[in-house]
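Visitor: Could you look at this predicted model? Sequence included:
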Amino acid sequence: MISLAGRDILQAWGKFVFTGVGLGLLIGVTLSMAGIYRGMIDDAKVLLDNSSADLWVVQKDTLGPYAEPSSIYQDTWRGIRGMPGVARTANVTYLTMQVRQGERDVRAMIAGITAGEPGTPGWPPYLVAGRQITRSHYEAVADIASGFELGDRLQIRRNHYTVVGLTRRMVSSGGDPMIFIPLKDAQEAQFLKDNDAILQSRRRTEANPAFNKPGSPDLLGAVIDSQTTNTYVNAVLVQIEDGYSHDDVAESIRRWKRLTVYTRAQMEEILVGKLIATSAKQIGMFLVILSMVSAAIVAFIIYTLTLGKIREIAVLKLIGTRNRTIAGMILQQAIALGVIGFVVGKIVATLFMAPIFPKYVLLEPLDSIFGFIAVVLICVLSSVIAIYAALKVDPAEAIG
Amino acid sequence: MKHLPIQGRTLALLVVIVPLLALFVYVGLRSGPLAPVAITVMTVESRAITPALFGIGTVEARYTYKIGPTFAGRVKNLEVHVGDQVTAGQVLGEMDPVDLDDRLRSQQAAFRGAQAALREAQTRQTYAQTQVGRYKRLFAAGSTSDETLNTKQQELAIAAASLSAAHENLARIRSDQEALVTQQKNLQLIAPHDGVVASRDTEPGTTVVAGQAVLELIDPESVWVNVRFDQISAAGLAKDLPARIVLRSRSGQTLSGGVLRVELKADAVTEEMLAKVIFDELPQPLPPLGELAEVTVDLPALPFAPTISNAAIRRDGNSVGVWQIVDEELRLTPVTLGVTDLDGSVQVRNGIKEGDQIVLYSEQALTSRSRIEVVERIPGVSK
C-alpha cells in the first residue's frame, strides 16, 4: 500500500522539515519554560537537601530561616541536643549579600556552618573541586555558579576569605550561588555593623548620660562591649536518630523548648508554597500562554499546508479517493510534523537553551513524555480544521 | 532507474532525520536523571600527616599596670604621654591635694598642742608627787589628818592618769599626722615597674573616683597573643608546641612563637579554648595591643596511615563513609576517621585500606544506583 502522506512529504520534504524545525524552536521554548518552572522548585529542594537536616529549629512564630528572618541564641542547640531522638545538631546562619572579589561582586547566599567534620548538618554534602573547610576562620567553599575559583580571595564585610573548595548546585531558593564560611565569621558578617556604624554607635552611647556617668567609669566600656557582641544564629539544624518519628521529635522540641520547628515536608511547603509561589505562578502562566500560542500556530501551519495542497486534494477526490484516506494523509502529516517539532524542540531545549539560561533549567523526562503526548494531541486536534476544509473541497476545483 | 529520484529524496530526508534522531537519543541519555554522573577518583595512599590547629587571637600584654589614685580626687598634673618609656619608681603625675596641706598644718598645730598638754600633765604629776611626799612627812609628825594625806595621794593618781592620757593623745596625733604625710605621698602616681605608657585616660583637672585608672602602663617585653581555638578542633593543644603567628597588619609575614600555656578555663559561651602564645622574638615595631592575629599551632607529625581528602567524606544517615569503587560498582563504605590536617587530609582508622579507589568529587549526590563516568576533572571546574 502506498502511503499518501509519505509520498506527499517526499514531494517537498525540505519545506516540511523546515516547518518542523520552526515548530521545534517554539516547542523548545515551551519545554524550556517548563524546565525553568521545575528548576525553581528544584532550587528550593536542593537548598533543603544540601542542608542535610531533618528538622529546622527557628525563632518562635517565624517562617525562618529561608523565608523570614529568624534569630535564636547560639547555645540553644545544647538544649535541643539533649532531647530524645536527636542525633546531631548544628547552628547555621544564612545571609544573602553581594560578595566582592577584586573589582567584581557576585550576589550569593552566605551560609555559616558549624565547625566539625564533613557530614555535619549544613556542610556541603559533596564537592567538585578542592577540599572542605578545615580552619575555623577565613576559609570558604563556593558554588561554581558564582564564578569563583580555588585560591580566590573574597571579601565578605571586612574580612578576606580564601576559596578552598567548589560545589555544584548549591543554591538558595532564589537561585543565588551559596558560599559556605565558618559559623563565627558568618555571625560577624551578619550581625556586626560596619566600622563607621560601630564608631557612630560608640559616640552615641558616650553622649548618653545614662551610660557615661562620671561616678562609674567602667559602665561605658561594659555597655559598648555588650553592643558589639553577638550570640545569635538563624536556625539549628537537627538530624534525627533512626527509629524516631520526625513529627514526634519536632513536637517535643516545640512543646518543651518553645521554639518553632519545621520538618522537611513543612519546609518544602514554605519554600515552594510561599517563598517562590508568585514567581512559580508567573512561570506557570507563561507556560500556559505559550502552550496555547503553540497550539494555535500548529493548527495554523497544518491548515496552511493543507490549503496549499487543495488542488491536489480536489484531484484525489475527483479520482474517487475515499475521505478516510484524505483525512488519514492530513493526520499523518500533522503527527509527523509534531514529532519532528518535538525532537528538534527537545534537542534545542537541552543543548542550547538550558546551558545558556541564567537560571537553572531542569528538564525532567516525565515532563518530556507529557510534552510529547501534548504535542501529538495538539497536532491531532489542529488537523481537524484542516481535515474539515479538505473534505469540504469541491472536486470540481481540480479542473476549475 | 525510474525510482532513483525518489530514492535520492528519501536518502536526503534520511540524512536529515537520522542524525536528528541520533542527537535526540543522545540528548535523552546524556542529560537529566539518565545521564551518568561525572566523578573523579582518588587512590587511598598511606602517608604521614602533620596536623595543626588554627585559631585567632588578639595581641595583649601579660603585665598591664593601671595607675590611679586610691581615693576620689582631681588630677593635678601628668608628666608622661602615651609611648613614653618609664622606669620603676618614676613619678608619673600627681593628684590635687585639695585641703590636705591645710589638714596637715592643722595636725601639726594639734601635735604641738598635745605636746604642751603633755608638759602640763607632767608638771601636775610632779607637783602631786612632791605634795604626797610632804604630807607623808607631816602625817608621820602628827601635824595633819589621814584624810588630807589620802586626798593628796588621790590627786597624784589622777595626775598620773592624765599624764598617760596626754602621752597617748600625743601618739595618736603623731600617727594622724604621719597618715596625712603618707596620704600626701600617695598623691603621687608612681610607676611600679619599667614599661611604656599605653594610655592616658584622663587629663589634669579631671575628677576621678577611687580606683579609676589615670594611666596605663604595659611591659612591652611581656606581649603575647591571647588565642581562641574552637573546642571541636582543639584536640592536642598543649604547652610548648611551636606556633606560627600572622598579624593582620603584616599578613605576608609569619612570625614564630610557641604556646606558653593553655588556660584551664575555657569560654563556655563561645565554645572556645583559650591559650597564650608568645613570640620567639618580639616583632619590631611592637604590634599594637588588640591587633588581630592568626595563629597556627603545629602538632607532632603522625605515623603513616591510609589518608584521604576530606572532600571524599559523605554522610549517610548516622554513618560517615566514602564511596568506594569495587568492580565498577559504587559502594558506600563506612569509615572511622582519625586526625585531620589543615590541608584537608584525613587519616582513616579503619574501613578502607591503602590502594582502594574512592570517589573524590562528584557532579551531584551519589546513590548506589548512580551511573558513573570517571573524568579527570568535573565539567565546569577550571584548571
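Guide: Good, I have the coordinates.

Visitor: Who are the contact partners of A:Lys213?
Guide: Contact analysis of A:Lys213 by C-beta atoms under 8 Å, 6 or more residues apart in numbering or on different chains lists A:Leu219. The C-beta positions use only the backbone N, C-alpha and C, and glycine is treated the same way.

Visitor: In contact with residue 379, which residues?
Guide: No chain was given, so I picked chain A. By C-beta under 8 Å, 6+ apart, the neighbours of A:Cys379 are A:Val298, A:Ile302, A:Ala334, A:Ile335, A:Leu337, A:Gly338.

Visitor: That was the other one, I meant chain B.
Guide: B:Ala38, B:Glu363.

Visitor: same thing with B:Val59?
Guide: B:Val223, B:Trp224, B:Val225, B:Leu247, B:Pro287, B:Pro288, B:Leu289, B:Gly290, B:Glu291, B:Ala293.

Visitor: Helix or strand for the fifth one, just tell me which one.
Guide: Meaning B:Pro287. Per DSSP states H and E, B:Pro287 falls between elements, in no helix or strand.

Visitor: what's the distance between the strand or helix carrying A:Tyr161 and the middle of its chain?
Guide: Assigned by DSSP H and E, A:Tyr161 belongs to strand A:159-167. Strand A:159-167 has its C-alpha centroid displaced from the chain centroid by 24 Å (C-alpha atoms, centre = their mean, to the nearest Å).

Visitor: so the very next helix or strand once past that strand versus strand A:159-167, what angle?
Guide: Proceeding N to C from strand A:159-167, the next assigned helix or strand is strand A:178-182, under DSSP H and E. Using axes from the mean of the first three to the mean of the last three C-alpha atoms, to 10 degrees, one finds that strand A:178-182 and strand A:159-167 are set 120 degrees apart in direction.

Visitor: List the strands paired with strand A:178-182, with their directions.
Guide: strand A:104-113 (parallel), strand A:139-143 (antiparallel) (DSSP bridges).

Visitor: Just the ones of the contacts of B:Val59 in strands?
Guide: Assigned to strands by DSSP state E, the following of the contacts of B:Val59 qualify: B:Val223, B:Trp224, B:Val225, B:Leu247, B:Ala293.

Visitor: What's opposite the first one in the beta bridge?
Guide: Using DSSP bridges, the beta-bridge partners of B:Val223 come out as B:Ala61.

Visitor: For it, give me its contacts.
Guide: Contact partners of B:Val223, counting by C-beta under 8 Å, 6+ apart, are B:Val59, B:Glu60, B:Ala61, B:Arg62, B:Phe279, B:Leu282, B:Leu286, B:Pro287, B:Leu289.

Visitor: Can you flag the buried ones in the residues you listed?
Guide: Buried by 16 or more other C-beta atoms under 10 Å in any protein chain shown: B:Val59, B:Glu60, B:Ala61, B:Phe279, B:Leu286, B:Pro287, B:Leu289, out of those.

Visitor: hmm, back to that, neighbour-wise, which of the ones in strands among the contacts of B:Val59 leads?
Guide: Within the ones in strands among the contacts of B:Val59, neighbour counts (other C-beta atoms under 10 Å in any protein chain shown) peak at B:Val225, which reaches 28 neighbours.

Visitor: Would you mind confirming that that residue makes contact with B:Arg244?
Guide: No - B:Val225 sits out of contact with B:Arg244 when judged by C-beta atoms under 8 Å, with a separation of 11.2 Å.

Visitor: which neighbours do the two share?
Guide: Counting by C-beta under 8 Å, 6+ apart, the residues touching both B:Val225 and B:Arg244 are B:Gly257, B:Val295.

Visitor: related to what we said a few turns ago, of all the residues in the strand holding A:Tyr161, which ones are buried?
Guide: Under the neighbour-count criterion of 16+ other C-beta under 10 Å, strand A:159-167 has A:Asn159, A:Tyr161, A:Val163, A:Val164, A:Gly165, A:Leu166, A:Thr167 buried.

Visitor: Check what contacts it and list those residues.
Guide: A:124, A:126-134, A:138-144, A:148-155, A:178, A:180-181, A:185, A:188-189, B:311, B:344, B:381.

Visitor: Show only the entries of those residues found in strands.
Guide: Judged by DSSP E, those include A:129-130, A:139-143, A:153-155, A:178, A:180-181 as members of strands.

Visitor: Just among those, which is most surrounded?
Guide: In terms of neighbours by other C-beta under 10 Å, the ones in strands among the contacts of strand A:159-167 top out with A:Ala142 at 30 neighbours.

Visitor: Once you drop chain neighbours, what's closest to it?
Guide: Of all residues not flanking A:Ala142 in the chain, A:Phe148 sits nearest, at 4.3 Å (C-beta to C-beta, 6 or more residues apart in numbering or on different chains).

Visitor: Surely the one you found and A:Val106 touch.
Guide: Yes - counting by C-beta under 8 Å, A:Phe148 does reach A:Val106; the two are 7.4 Å apart.

Visitor: Neighbour count: these two, which is higher?
Guide: Using other C-beta under 10 Å, the more surrounded residue of A:Phe148 and A:Val106 is A:Phe148, with 23 against 19.
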